[in-house]
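Asks: okay, here's the prediction I keep looking at, along with the sequence it came from:
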Amino acid sequence: MIGGLFIYNHKGEVLISRVYRDDIGRNAVDAFRVNVIHARQQVRSPVTNIARTSFFHVKRSNIWLAAVTKQNVNAAMVFEFLYKMCDVMAAYFGKISEENIKNNFVLIYELLDEILDFGYPQNSETGALKTFITQQGIKSQTKEEQSQITSQVTGQIGWRREGIKYRRNELFLDVLESVNLLMSPQGQVLSAHVSGRVVMKSYLSGMPECKFGMNDKIVIEKQGKGTADETSKRCLSGKQSIAIDDCTFHQCVRLSKFDSERSISFIPPDGEFELMRYRTTKDIILPFRVIPLVREVGRTKLEVKVVIKSNFKPSLLAQKIEVRIPTPLNTSGVQVICMKGKAKYKASENAIVWKIKRMAGMKESQISAEIELLPTNDKKKWARPPISMNFEVPFAPSGLKVRYLKVFEPKLNYSDHDVIKWVRYIGRSGIYETRC
Amino acid sequence: MPYLGSEDVVKELKKALCNPHIQADRLRYRNVIQRVIRYMTQGLDMSGVFMEMVKASATVDIVQKKLVYLYMCTYAPLKPDLALLAINTLCKDCSDPNPMVRGLALRSMCSLRMPGVQEYIQQPILNGLRDKASYVRRVAVLGCAKMHNLHGDSEVDGALVNELYSLLRDQDPIVVVNCLRSLEEILKQEGGVVINKPIAHHLLNRMSKLDQWGQAEVLNFLLRYQPRSEEELFDILNLLDSFLKSSSPGVVMGATKLFLILAKMFPHVQTDVLVRVKGPLLAACSSESRELCFVALCHVRQILHSLPGHFSSHYKKFFCSYSEPHYIKLQKVEVLCELVNDENVQQVLEELRGYCTDVSADFAQAAIFAIGAEKREQRGDKKSLGDCCQVSPTKILHCRCAATKRVPHIWLPCGIARTYTDQCVQILTELLGLRQEHITTVVVQTFRDLVWLCPQCTEAVCQALPGCEENIQDSEGKQALIWLLGVHGERIPNAPYVLEDFVENVKSETFPAVKMELLTALLRLFLSRPAECQDMLGRLLYYCIEEEKDMAVRDRGLFYYRLLLVGIDEVKRILCSPKSDPTLGLLEDPAERPVNSWASDFNTLVPVYGKAHWATISKCQGAERCDPELPKTSSFAASGPLIPEENKERVQELPDSGALMLVPNRQLTADYFEKTWLSLKVAHQQVLPWRGEFHPDTLQMALQVVNIQTIAMSRAGSRPWKAYLSAQDDTGCLFLTELLLEPGNSEMQISVKQNEARTETLNSFISVLETVIGTIEEIKS
């Protein structure tokens, strides 16, 4: 149970404050500001106890969201709720920033009213919420809309209302992955994993039954054993299958069917939702390899050479590549030479930032830098933080492929072929670090 | 709360709200109302425009309505009379054809926190419970709980409760969950909502229809259901199996807890469950949501207490990444040192060594402590002091006990360092080579603890020490170094010279603790190497006695001086008697804790805060503590030092067992006590068996644990022996007690007086007292 919810800007000014329970006083708002936002030292825990009141906070850019309670609650649940709150807000007005929050503050109060009642989470599906939120003001509702509210909230399926109609039945599938890597200076993978999400945006009429298929190892082995139709076998022979460590699904997926047949079937919510979330650790395609070489020349000079190699099909292009090479605190000057892209020494961040707009697969690029150091009597050795990388690639580093997404709507007269389907793969870097 | 200049703002807004031109223009009107809400958010007192806002509630514009209702809910307690004016509009809205308006009005009306509103909301709530739109039913169901909260201690309305129980079968999943929540609050006094077999099975069947919040909540309620047979138990577990793999970590943890609790008689099932949630937990630990990751790590640590090898093969998952936030790194380091085994020790130590040179000094120090020591939550200073007292009074001076350390935790070498001492000492020694202040001081402190508990590493430590005195500036580090030099000085060739430097600079030393340590260490070293130390010991003693301003240091100096006068043999006997025994209860390696000891804490705040911290939080919280369904046997860890473990739980459980809640720190003056004592009649008299001698301090401390204060007490051994005690509960009722031991009698006579005659609290008070005295009696025998 959540006693109150506060939103602050980076200075600690209250942007939104909503109290649900009597046991949370107005001074709670100030207590959090003084003890956490204005505290000198680093945040020691996302859960803070001040005067026997627990404050759970998350930060989005420079906005603080804090949920407050006096009860012994489930911490995981409270954080999930805060994330959900962020998602819902983002679905309404995009990025969570001070300006957006100030501009939409009526909307946020409206949302807070619907999502929580007496501190208990109520309906939090963005789609379902839309009916209750009068975002653009004086909209007196028609009879039809009123009956929609009733049917939506009494219907058996909480996430989809009946009677949705689209002229064009269309769906978009996004496979979004973030690849994480920790590599030793010798090029040995210390840990690597991909956490991915399949996000679906559907504009389908009626109550469509969908079936989603991917190159999951278990399914493909199963099909290999049972003599399924030859065509599917043939088209799979070239492709690899992947081992998924664990995966979780949106509420709409029938888990019993997944457990028994490993097939993913569901009636999707209208609009955008996250169909599944998964994690893999085996056979990850690491899109980039970073080879660092740091040489200390005397006490006042450092030579750094970093080679990056792209490791994917030459026909594909990686974008927004950024390599961050940390420099010691006592750096006085830096000379950089790079073959491709632009590199700059940013003194405020203590790093050389090397940006490349685009890079094709199976290419190699290099940067070398000479770093001049101020002589110091500080005996402190430079800790050599790792070199980190950011990028975006148009494939899934886990190797996941969407094999099919079939749509059946028995009551309305459109078939699977009439639905326009789009699939997109985006692989981004999570924490992608190479120690040097 | 009111900021400067708020009067002007209120005046201006009031004017705007009254302006008929603005009222006529919907958008402008709404903008003004928005401004009111904005100021309210910022903390300005906006109650001045209440009347105008009430007027604004009569509108067809839903947004405006919502804003005004929000305003009214905030200020209604300040302006109850004006708020009543709004009730009319609200009541009318409750029968609006639009279910959204009905719901909104009902919700707002129930949230008006003011006296007298109950009579108006009762009927709308009852209507709402039978509304055809589930949106309204959801609101109405929670409205019942709000109404009950307003009444305070009023009677529970039986008909309403029955209606809510029947609504548990509602079609709408959120109504069902709200019903549970509402019943829980209404029936709090009676132990919350009753989950019997039909309800439990009904809920189990509805589980898959609920959203994640509902699922988590229901899993929590199901904890209190006791399956009748083994068969039913396993049926339930099978039904809930899929929730162990839910997409929501909160549900996964809730399901795990339910499995652990339901299967408390089947350890193999518990182990199996923990194996199965390994995947989801690891996924949460490496998720991008930092905060969830933190919570998951806390729970991983909890599991590791019982199953130390559980995550060992996944140790790489807990390697820190450079850009992770501080709090995750600290948790990961602790997890790492708990899952070390023979196979991964090399890699883990290698990794930890990397962290020791981290830019963040804080994190670096944590990593060093992790290599040499295992963090153990402090059980309270009293406890450790108590332990020392028990061994021998002089030990207080020499035993390195936690009470003198300022760090909030005791770091004890039991984890990695106990088993892999050589590797750890080697790494720590290498770190000294970096000659950095913040590293050296922590390493030396770690050495001190290591030598104390793992004497086999003394040789290596002694070789590493020379030279580090140059890099230590802080008090903790100095104390540790001086202690090491004193105790093991005979093996460190330059020990006297290092100490000599300290003696030279003693005048400019700011920390008394360092001076104390120096005195003790030098005296010890004098015993083993008299020729080199005699002169400077003399100088130091002279300084401490003649020039030192700190009383404690001076007294210590005098004490040693007199001790030396008695003769060197006597000094040796006292100073070098067996050292504090590592097998003392405080230091014992915690045996693997059974899963059942923490299952009830799983998925609560206890693993997040740590048990000890939680105990201090919840102790004061007392009556308002939630989760009455959780068996709270072990969460009260505040310690009475001398009470054995099994009795401790009994004693501490008592204060919250009945309605009685004794308030801590309610010290009465002796005068006031005497006056009250004489003016009251004895409410209760009782005799308890009592044999032989005991320590009055023990009794006093034990009583303190349950918040009973001792006003006066006879000396130990005197007959008749008397003690006067006082306590006060949260309602202000005073309990005054006399304990009397007659000479030659083997009974203790207890007389209790009370300033308000209430038998039920008196009885619970007496049972608390009995337990404490019974416990002391048991310890004696």
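Replies: Nice, thanks for sending it over.
Asks: drop to CA atoms for contacts and neighbour counts, all remaining ones
Replies: Will do.
Asks: how much space is there between residue B:687 and residue B:742?
Replies: 11 Å (CA to CA, to the nearest Å).
Asks: okay, and the common contacts of these two?
Replies: Applying CA atoms under 8 Å, 6 or more residues apart in numbering or on different chains, one finds that residue B:687 and residue B:742 are jointly contacted by residue B:748.
Asks: for the one residue in the stretch 101-250 of chain A that gets nearest to chain B, what are phi and psi?
Replies: Going by CA to the nearest CA, chain B is nearest to residue A:248 of the stretch 101-250 of chain A, at 4.4 Å. Note on residue A:248: its backbone torsions stand at phi -130, psi 160 [degrees, to the nearest 10].
Asks: check residue B:228 too.
Replies: Taking degrees, to the nearest 10 as the convention, residue B:228 sits at phi -70, psi -40.
Asks: quick revisit: the residue of the stretch 101-250 of chain A closest to chain B and residue A:264 touch, don't they?
Replies: No - the criterion here is CA atoms under 8 Å, and residue A:248 misses it with residue A:264 at 11.1 Å.
Asks: what residues does the stretch 201-350 of chain A put near chain B?
Replies: Taking CA under 8 Å from any CA of the partner chain as the contact definition, the stretch 201-350 of chain A meets chain B at A:245, A:246, A:247, A:248, A:249, A:250, A:251, A:255, A:277, A:279.
Asks: any stretches of the chain with poor pLDDT?
Replies: Defaulting to chain A. A:127-128, A:131-158, A:222-239, A:377-381 (pLDDT under 70).
Asks: meant chain B actually
Replies: Filtered on pLDDT under 70, chain B yields the residue ranges B:1-5, B:152-154, B:373-418, B:577-592, B:620-660, B:665-667, B:691-694, B:778-781.
Asks: rewinding a little: what's the closest non-adjacent residue to the residue of the stretch 101-250 of chain A closest to chain B?
Replies: Spatially, and ignoring its direct neighbours in sequence, residue A:248 is nearest to residue B:247 (4.4 Å; CA to CA, 6 or more residues apart in numbering or on different chains).
Asks: how close does the one you found get to residue B:146?
Replies: As judged by CA to CA, residue B:247 and residue B:146 stand 32 Å apart.
Asks: neighbour count winner among these two?
Replies: Neighbour count, other CA atoms under 10 Å in any protein chain shown: between residue B:247 and residue B:146, residue B:146 has more, with 24 against 19.
Asks: thinking again about what came up before, which of the residues of the stretch 201-350 of chain A next to chain B sit farthest apart?
Replies: A:245 and A:251 (19.6 Å; CA to CA).
Asks: can you count the residues close to residue B:25?
Replies: Counted with other CA under 10 Å, residues neighbouring residue B:25 total 10.
Asks: who has more neighbours out of residue A:245 and residue A:251?
Replies: Neighbour count, other CA under 10 Å: between residue A:245 and residue A:251, residue A:251 has more, with 24 against 15.
Asks: and chain A, is stretch B:132-145 touching that?
Replies: Yes - part of stretch B:132-145 sits near chain A under the criterion CA under 8 Å from any CA, namely B:133, B:134, B:135, B:139, B:142.
Asks: measure the fourth one to residue B:118 for me?
Replies: Using CA to CA, we find residue B:139 at a distance of 16 Å from residue B:118.
Asks: same deal with residue A:399?
Replies: 62 Å.
Asks: which helix runs longest in the chain?
Replies: Since no chain was named, I'll use chain A. Longest helix of chain A, by residue count under DSSP state H: helix A:75-93.
Asks: chain B was what I was after
Replies: From DSSP H, the single longest helix across chain B is helix B:759-780.
Asks: which strands and helices sit next to that helix?
Replies: If contacts are counted by 3 or more CA pairs under 8 Å, 6 or more residues apart in numbering or on different chains; DSSP states H and E, helix B:759-780 sits against helix B:645-653, helix B:696-705.
Asks: can we see that at 10 Å?
Replies: Packing partners of helix B:759-780 (3 or more CA pairs under 10 Å, 6 or more residues apart in numbering or on different chains; DSSP states H and E): helix B:645-653, strand B:682-689, helix B:696-705, strand B:734-741, strand B:747-754.
Asks: quick one: the strands in the stretch 301-450 of chain B?
Replies: Under the criterion DSSP state E, counting those that start in this stretch, strands of the stretch 301-450 of chain B are mapped to B:374-377, B:409-412.
Asks: and the stretch 151-300 of chain A, by the same measure?
Replies: In the stretch 151-300 of chain A, the strands defined using DSSP E, counting those that start in this stretch lie at A:170-183, A:189-203, A:209-214, A:246-249, A:264-266, A:271-280, A:288-297.
Asks: looking at the ones you listed, which is closest to residue A:403?
Replies: Using CA to CA, the nearest of those to residue A:403 is strand A:209-214, at 4.8 Å.
Asks: list the buried residues of that closest one.
Replies: Buried residues in strand A:209-214, counted by 16 or more other CA atoms under 10 Å in any protein chain shown: A:210, A:211, A:213, A:214.
Asks: got it, and stretch B:339-359?
Replies: For stretch B:339-359, the neighbour count (16+ other CA under 10 Å) marks B:339-341, B:344-345, B:348-349, B:351-353, B:355-358 as buried.
Asks: with distance to chain A added, can I get those in CSV?
Replies: Below are the buried residues of stretch B:339-359 laid out as CSV (distance: CA to the nearest CA, whole Å):
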residue, distance to chain A
B:339, 17
B:340, 17
B:341, 18
B:344, 13
B:345, 15
B:348, 12
B:349, 14
B:351, 10
B:352, 13
B:353, 12
B:355, 9
B:356, 9
B:357, 6
B:358, 6
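Asks: noted, bye for now.
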